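**Student:** One predicted model, sequence on top.
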Amino acid sequence: MIFSEFRFVAFFLAVFCVHWALKSNRARKIWLLFSSYVFYAAWDWRFLSLILFSTVLDYVIGIRLEDSEDEKVRKWLIRISLIGNLGLLGVFKYLNFFIDSAIDVINLFGFQANPYVLDIALPVGISFYTFQTLSYSIDVYRRHLGATRDIVDLAFFVGFFPQLVAGPIVRAKDFLPQCLTKRRLEMVDVRGCLVLFLIGFIKKAVISDGVAQFVDEYFADYGDYGVGSTYLGIALWATQVYCDFSGYTDMAIATAGLLGYNLALNFNFPYFAPSVSTFWTRWHISLSFWIRDYVFNSLGGWTGLNARGLWNILVTWTLAGLWHGADWRYVVFGLMMVPGLIAQLQWRSSPWRRRIPIPAVVGNIMTMWWICMALIMYRADDMAAAGDILRAYVLFKPPDTATSMLGDRLQWLLLGLLAIHWVSYKGWLAGWWRRFGPWTFTTGYAVASALVLTVVHATAEPFVYFQF
C-alpha cells in the first residue's frame, strides 16, 4: 500500500475518522499503532516481527540505560542495542552483498569459490525504522533524552505509518513529547495539509512517474545515445528521484499533520544549493543530520586536511553510501561526495575566498553537475554501465554506437519544471490558496484533484526509496 494508491485514501479516511472520534489520548495512540501495523502488513505481515523486536529491545535497553549509573554496564547495553538493530539490518540487507564480495576477493587470488546466495527478502523501510530506534537508544545513552516507560509510546514512535517505510527519519526527542499531550483537531492546519498532500501526489504520480519511462529508455540503451541525450537522460533521472522522494515526504508530513503530529522537513530545494555540503543540508535532511550527529561527530568530525579528518569523512560517506543499498555502486556514490565536501571545507578557510568570490549561480551549477554525476551510480545497472555513462557525461565521449536522440522536446519539459521549481523556491506561490473562502477552496481543490487524476498512470508505481 503506497500513498498514491486509491486504497490508501480509503485506509486513511477510516483511520482519520476513528482517530478523531476517540476521546482518550491513549486510545488514539493504540488505534494509530494498530493501523500502522496493518499498513505495514500490507507488504508482508511476517516482517512486523522485526519492528516488534527492535521496539521491545530498545524499550528494555532504554530503561536499563537510564537507571544504571555504572558506565561499563551502560556501554554494554548500548552495544547490545547496536548489535541487535544493526545485526537485523546486516542480515536482511547486506548479508548477500558481503558473501558475494568475499567470493570475488577469493577468486581474485586464484582460488575457486562457488557463489552462494541466500533467499532473503528486503523488508520495506528497514533502513529507516532501524535508524529511528537507534537514535532513541543512543540519545538515552548520552543522557540527551529520558527513557520512556510506556511501551505504547515507543512502539507508536517506531511504527507510525506516515514515515515508517521511507522517512523522514524521526528523532525520539522530537516525536515522543507529542505523544504526551492530546491532539486537538482545531489545531490542525487542514487546508495546508491537503495542499501539501496534493503537491506531493503531483510530484510522485504525475512528474516522477511521467518521466520514468524516458529514464528507463535511456538507461536501458544508453549506448544508443549521444552526449546531449546523456545529459538529458541524467537530468530526467535527477528529476524523477527528487520528485519521487520529496513527493513521498510531502505526503507523509501532510498525512501525519492531519492526524495532529508534526514531522520534520526533509527537503528544502536541494537543487538550488550552492555547494555539496549545502546540498546535504537540504536533501534527505533527516538522514544527513542523523549521520552527522551519530557517525561523523562520534568519529571526531572534520579535523582539517589530515589523516584523521580524511579518515572520518571517508568512513562516514562509505557508510552513507551503503545505507542507500547493498552494492558497490552505492559505496562509490557515497565516496563521490568526499572530494566536493573537502573542496568546500577547504575553500571556507582559504584566504582566496574573499579575493575570488564565486557567484551563487556558479556554485549551484557546479554542485548540480557533481550531484548528477554521482546519481549515475544510483541508476546504472552495474559498474560497467556506470563507467560508460560517466565517460559520456564527464569526457563528452559517447559510445561509438550512438545514433539516437532521447525523446522529443523533453528539454522544454525540463525547462518548464525548472521554472515552476524556481518560482516555488522564491516563495511566490506560498500561501496564495489561503486567501480563498472555504467553499471556493473546496471547489478548487476538488477540480484540481480531478484534473490531476486524468493524467496519472493507471497503476501506481512503487517509490524509488522503498528499495533502501
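**Tutor:** Looks like it arrived, so ask away. Numbers count the residues shown, from 1 in each chain.
**Student:** Please point out which parts of the helix or strand residue 66 falls within sit buried.
**Tutor:** Element membership of residue 66, judged by DSSP states H and E, is helix 48-67. Residues 48, 50-51, 54-55, 57-59, 61-66 are the ones in helix 48-67 that count as buried (16 or more other C-beta atoms under 10 Å). (Each C-beta comes from the backbone N, C-alpha and C, glycine too.)
**Student:** Only alpha carbons, please: show that helix as PDB.
**Tutor:** Provided in PDB are the C-alpha atoms of helix 48-67 (Å, rounded to 0.1, in the frame of the first residue of the first chain):
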ATOM      1  CA  LEU A  48       6.200  -7.000  11.600                       C
ATOM      2  CA  SER A  49       8.200  -9.300  13.900                       C
ATOM      3  CA  LEU A  50      11.300  -7.300  13.100                       C
ATOM      4  CA  ILE A  51       9.700  -4.000  14.100                       C
ATOM      5  CA  LEU A  52       8.400  -5.600  17.300                       C
ATOM      6  CA  PHE A  53      11.800  -7.000  18.100                       C
ATOM      7  CA  SER A  54      13.500  -3.600  17.700                       C
ATOM      8  CA  THR A  55      10.800  -1.900  19.700                       C
ATOM      9  CA  VAL A  56      11.000  -4.300  22.700                       C
ATOM     10  CA  LEU A  57      14.800  -4.400  22.600                       C
ATOM     11  CA  ASP A  58      15.200  -0.700  22.800                       C
ATOM     12  CA  TYR A  59      12.400  -0.300  25.300                       C
ATOM     13  CA  VAL A  60      14.200  -2.600  27.700                       C
ATOM     14  CA  ILE A  61      17.600  -1.200  26.900                       C
ATOM     15  CA  GLY A  62      16.400   2.400  27.300                       C
ATOM     16  CA  ILE A  63      15.100   1.800  30.800                       C
ATOM     17  CA  ARG A  64      18.200   0.000  31.900                       C
ATOM     18  CA  LEU A  65      20.400   2.800  30.400                       C
ATOM     19  CA  GLU A  66      18.500   5.400  32.300                       C
ATOM     20  CA  ASP A  67      18.500   3.500  35.600                       C
END
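**Student:** contacts for that helix?
**Tutor:** Here helix 48-67 makes contact (C-beta atoms under 8 Å, 6 or more residues apart in numbering) with 37, 40-41, 73-74, 77-78, 80-81, 84-85, 88, 92, 123, 126, 129-130, 133-134, 136-137, 140-141, 146-149, 151, 154-155, 158-159.
**Student:** Which residue ranges make up each domain of the protein?
**Tutor:** With domains defined by automatic domain parsing, the chain comprises 6-183, 190-453.
**Student:** Out of the ones you listed, which is closest to residue 464?
**Tutor:** Nearest to residue 464, of all those, is domain 190-453, at 4.5 Å by C-beta to C-beta.
**Student:** quick one: contacts of the helix or strand where residue 330 lies?
**Tutor:** Secondary structure from DSSP H and E places residue 330 in helix 328-348. Residues outside helix 328-348 that contact it (C-beta under 8 Å, 6+ apart): 101, 275-277, 280, 302, 305, 310, 313-314, 317-324, 353, 367, 370, 373-375, 377-378, 380, 382-383, 386.
**Student:** what about it, average pLDDT?
**Tutor:** Averaging pLDDT along helix 328-348 yields 85.
**Student:** Any idea how far it is from the middle of the chain?
**Tutor:** Remark: helix 328-348 is offset 19 Å from the chain centroid, using C-alpha atoms, centre = their mean, to the nearest Å.
**Student:** helices and strands of this structure: which one bottoms out on pLDDT?
**Tutor:** Lowest by mean pLDDT, DSSP states H and E among the helices and strands of the chain is helix 352-355, with a mean of 62.
**Student:** next structured bit after that one?
**Tutor:** helix 360-379.
**Student:** With adjacent residues omitted, what lies nearest to residue 204?
**Tutor:** Spatially, and ignoring its direct neighbours in sequence, residue 204 is nearest to residue 247 (3.5 Å; C-beta to C-beta, 6 or more residues apart in numbering).
**Student:** where does the residue sitting nearest the centre point of the chain sit relative to residue 440, distance-wise?
**Tutor:** Taking C-alpha atoms, centre = their mean, the centroid of the chain lies closest to residue 284, which sits 5.1 Å from it. As for residue 284, its distance to residue 440 is 36 Å (criterion: C-beta to C-beta, to the nearest Å).
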